[in-house]
Each structure stands twice: as structure tokens, then as C-alpha cells.
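> Based on what follows, work out the 3D shape:
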Amino acid sequence: SLISGYAKAALTERAESMLEEMSKSGIRPNAVAYNAVIDALSGTAEEAEEVLKEMRRQEVLPTIVSYNSLLKAFAKAALPGEAERLL
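Just a heads-up that it's a prediction; the model follows:
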């Protein structure tokens, strides 16, 4: 997806913006779109967790990829307690 491309190119803000634009225009993002943004935010654990929370609020079920990406974010941020809480 386009969001994945932005995420892979380290254009995190653009990936987040695309996700928001989809929602505002009535297009419901799926787990793949959310996962791309969570993965792109792996350097900022709090923001990545907020995207996961938004995913749940929108009634999109997180996948193993969602949780793996968030665990990666917690590991990069040296937050083992948060990682344990997630499990």
C-alpha cells in the first residue's frame, strides 16, 4: 500500500497523514494500513501504542504483526516493562 511505501521510506509523518486522510474521507483503514504506521513508528513507542489504541477504537482487530511491531518499539525505547504489559 501507499502507506507501507511511506513507512519504508522513513516518511513516518506522511504515513500517519495518509491514515488520517483515509478515515476522514470515509475509507476505513484495515489492519495492514495500521500495521504499516505502527511499524514506521517503531522509534517512538508512545506514538506507536497510540496508533494501536486508535486501531482498536475503530474496531480493527490487531494482528500478530501489530503486536510484534509494538514490541519492537518498546524494545528500541528500552521499555521492557511496557513490553511485558502488552504480553
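> Please state the offset of the helix or strand that contains Glu54 from the chain centre?
Glu54 belongs to helix 45-57 when assigned by DSSP states H and E. The chain centre lies 6 Å from the centre of helix 45-57; the measure is C-alpha atoms, centre = their mean, to the nearest Å.
> Could you list the residues in contact with that helix?
By C-beta atoms under 8 Å, 6 or more residues apart in numbering, the surrounding residues in contact with helix 45-57 are 16, 19, 31, 34, 37-38, 41-42, 62, 66, 69-70, 73-74, 76-77, 79, 82. For glycine as for every other residue, the C-beta is placed from the backbone atoms N, C-alpha and C.
> CA atoms only: put it into PDB for me.
Only the C-alpha atoms of helix 45-57 are listed here, as PDB (Å, rounded to 0.1, in the frame of the first residue of the first chain):
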ATOM      1  CA  ALA A  45       6.900   3.700  21.400                       C
ATOM      2  CA  GLU A  46       4.200   6.100  22.800                       C
ATOM      3  CA  GLU A  47       3.100   7.100  19.300                       C
ATOM      4  CA  ALA A  48       3.100   3.500  18.100                       C
ATOM      5  CA  GLU A  49       0.900   2.500  21.100                       C
ATOM      6  CA  GLU A  50      -1.500   5.300  20.400                       C
ATOM      7  CA  VAL A  51      -2.000   4.000  16.800                       C
ATOM      8  CA  LEU A  52      -2.700   0.600  18.200                       C
ATOM      9  CA  LYS A  53      -5.300   2.100  20.600                       C
ATOM     10  CA  GLU A  54      -6.900   4.000  17.600                       C
ATOM     11  CA  MET A  55      -7.000   0.800  15.700                       C
ATOM     12  CA  ARG A  56      -9.000  -0.800  18.500                       C
ATOM     13  CA  ARG A  57     -11.300   2.200  18.800                       C
END
